[in-house]
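**Q** How does the following fold in three dimensions:
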Amino acid sequence: MRRIATRKDRIVVEYRALARQPDPAGARLLLDGAHLIREAHDTSLRFESIVVAASRLESDNEERALAELLEQQGADVARASDQVFAVISPVRTPTGIVAIAHRHPTTADAILEQARLFALVVVDVQDPGNVGSLMRVAEAGGVTGMIVAGESANPFSWKAVRGSMGSVLRLPVARAASIDAVMRDIRRTHTKAIAAVPRGGWDPDASDWAGRVALLLGGEGPGLSADVVAWADERVTIPMEPAVESLNVAASAAIIIYAARRARR
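**A** Below you'll find the model as predicted:
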C-alpha cells in the first residue's frame with residue numbers, strides 16, 4: 001500500500017478540488033466513510049482511488065478490512081498519516097477512509113424517456129442534506145429517476161452524496177439548470193406533471209398516479225413558483241392539522257411518493 005507523505009501530493013490536491021467543485025455530471029463522486037464506499041463496491045462502481053488513515057490500519061476495524069479487500073481486488077489504495085488524511089477528508093471529524101468512485105452519468109432527457117416513468121423533479125432545494133435525503137426517499141419509494149433543477153444544491157457534492165446514504169450511486173439523477181426546459185421535456189414526452197402545493201390540491205391518496213408521471217416539488221420555504229404550478233396538470237396537497245403549516249421537504253416527498261407507490265401497484 002503506497003504512502004501519501006505530504007499535503008502537496010497530487011492525490012491530496014485532487015480530493016480537495018473535487019470537494020470544492022463537484023463533477024457537474026456526477027461521473028466522479030467523492031465518497032467519505034466506509035458505508036458509502038462499501039455501497040459503491042456492492043454497486044460495482046469503479047474506484048479511481050481510495051485513501052485510508054494510517055491509524056485505522058493499526059487495529060481491526062471496518063475501514064481497514066475494506067481497504068484491504070479493495071486493494072486485493074486491484075483498486076488503487078493509499079495510506080496517509082492522520083494529519084494528511086484530515087486535509088483530504090471533507091468532514092470535520094474524518095471517518096478514516098475516503099474514495100473517488102466513477103458513476104455512470106445520465107441526463108434529464110434520458111430520465112424522462114423511460115418507459116414506465118415515475119420521476120421526481122425538485123426545484124430550488126438549496127440544502128445539500130435535503131437533496132441527499134430526497135434521493136434516499138426517491139429510491140426507497142420506487143421513483144425511476146430524479147431531476148434536480150433551478151437553484152438546487154448540487155446532488156453530486158459530497159454533502160448531498162453523504163445525505164443520500166448511497167442512493168445516488170444507484171438512482172438515475174441528473175441536473176437541469178432550467179425548470180422551463182424540464183417542463184417542455186415533460187410535455188414533449190407526454191408525461192403528466194403533478195405539482196406539490198401547500199393548499200388547494202388533491203389529497204395524495206385521491207390523486208391519479210397512473211401512467212407516466214413527474215412529481216414536482218419546490219424548495220424550502222417558497223415552494224414551487226406560480227408559473228410552474230400553472231403549467232402542472234394536477235396539484236397535490238398533504239392534509240395537515242391547522243396548527244402545522246409545513247413539513248420538511250424530504251418528509252413531504254416521502255408522504256406523496258408513498259401515496260403514489262400504493263396507487264401505482
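**Q** Who are the contact partners of the closest residue to residue 135 other than its chain neighbours?
**A** The spatially closest residue to residue 135, leaving aside those adjacent along the chain, is residue 164, at 4.0 Å (C-beta to C-beta, 6 or more residues apart in numbering). For the C-beta atoms, the positions are set from N, CA and C on the backbone; glycine is no exception. Counting by C-beta atoms under 8 Å, 6 or more residues apart in numbering, residue 164 touches 132, 133, 135, 136, 155, 171.
**Q** Among these, which one lies nearest to residue 107?
**A** Closest approach to residue 107 among these (C-beta to C-beta): residue 155, at 13.3 Å.
**Q** burial of the closest one, as a residue count?
**A** A count of nearby residues for residue 155, using other C-beta atoms under 10 Å, gives 26.
**Q** who's in contact with it?
**A** Taking C-beta under 8 Å, 6+ apart, we find residue 155 in contact with 26, 131, 132, 135, 146, 148, 161, 164, 168, 173, 175.
**Q** same thing with residue 64?
**A** If you count contacts by C-beta under 8 Å, 6+ apart, residue 64 has them with 52, 56, 57.
**Q** And the next helix or strand past the helix or strand where it lies?
**A** According to DSSP states H and E, residue 64 maps onto helix 62-72. Next along the chain after helix 62-72, taking DSSP H and E as the criterion, comes strand 77-80.
**Q** Could you list the paired strands of that next one along with their orientation?
**A** With DSSP bridges as the test, strand 77-80 is paired with strand 2-4 (parallel), strand 46-53 (parallel).
**Q** And the longest one, how far out from the chain middle?
**A** Strand 46-53 has its C-alpha centroid displaced from the chain centroid by 20 Å (C-alpha atoms, centre = their mean, to the nearest Å).
**Q** okay, the angle between that strand and helix 62-72?
**A** Computed by axes from the mean of the first three to the mean of the last three C-alpha atoms, to 10 degrees, the angle separating strand 46-53 from helix 62-72 equals 140 degrees.
**Q** Just the residues contacting strand 46-53, thanks.
**A** With contact meaning C-beta under 8 Å, 6+ apart, strand 46-53 is reached by 1, 4, 11, 14-15, 28, 37, 40-41, 63-64, 67, 70-71, 75-82, 85, 88, 94, 96-102.
**Q** Spatially, what comes nearest to residue 106 if we skip its sequence neighbours?
**A** residue 172 (4.7 Å).
**Q** would you list every one of the helices in this structure?
**A** Ranges of helices in the chain, per DSSP state H, are 10-20, 34-42, 62-72, 82-88, 108-112, 128-140, 158-164, 179-188, 226-231, 249-264.
**Q** Any idea which of those helices gets closest to residue 204?
**A** Ranked by C-beta to C-beta, the member of the helices of the chain that lies closest to residue 204 is helix 249-264, at 3.4 Å.
**Q** Could you tell me which residues within the closest one count as buried?
**A** Neighbour-count burial for helix 249-264 flags 249, 250, 252, 253, 254, 255, 256, 257, 258, 259, 260 (criterion: 16 or more other C-beta atoms under 10 Å).
**Q** try stretch 186-204
**A** If you call a residue buried by 16+ other C-beta under 10 Å, then stretch 186-204 has these buried ones: 186, 189, 191, 192, 193, 194, 195, 196, 197, 201, 204.
**Q** Using the record's domain definitions, break the chain down for me.
**A** 2-102, 108-264 (automatic domain parsing).
**Q** quick one: residue 96 and residue 76, what's the gap?
**A** Taking C-beta to C-beta, to the nearest Å as the criterion, residue 96 is separated from residue 76 by 18 Å.
**Q** The two: who's more crowded?
**A** Between residue 96 and residue 76, counted using other C-beta under 10 Å, residue 96 has the larger neighbour count: 24 against 16.
**Q** Quick check: that one touching residue 80?
**A** No - in this structure residue 96 lies outside contact range of residue 80 using C-beta atoms under 8 Å: 10.3 Å.
**Q** which one of the contacts of residue 64 is nearest residue 264?
**A** When the contacts of residue 64 are compared for distance to residue 264 (C-beta to C-beta), residue 52 wins out at 43.0 Å.
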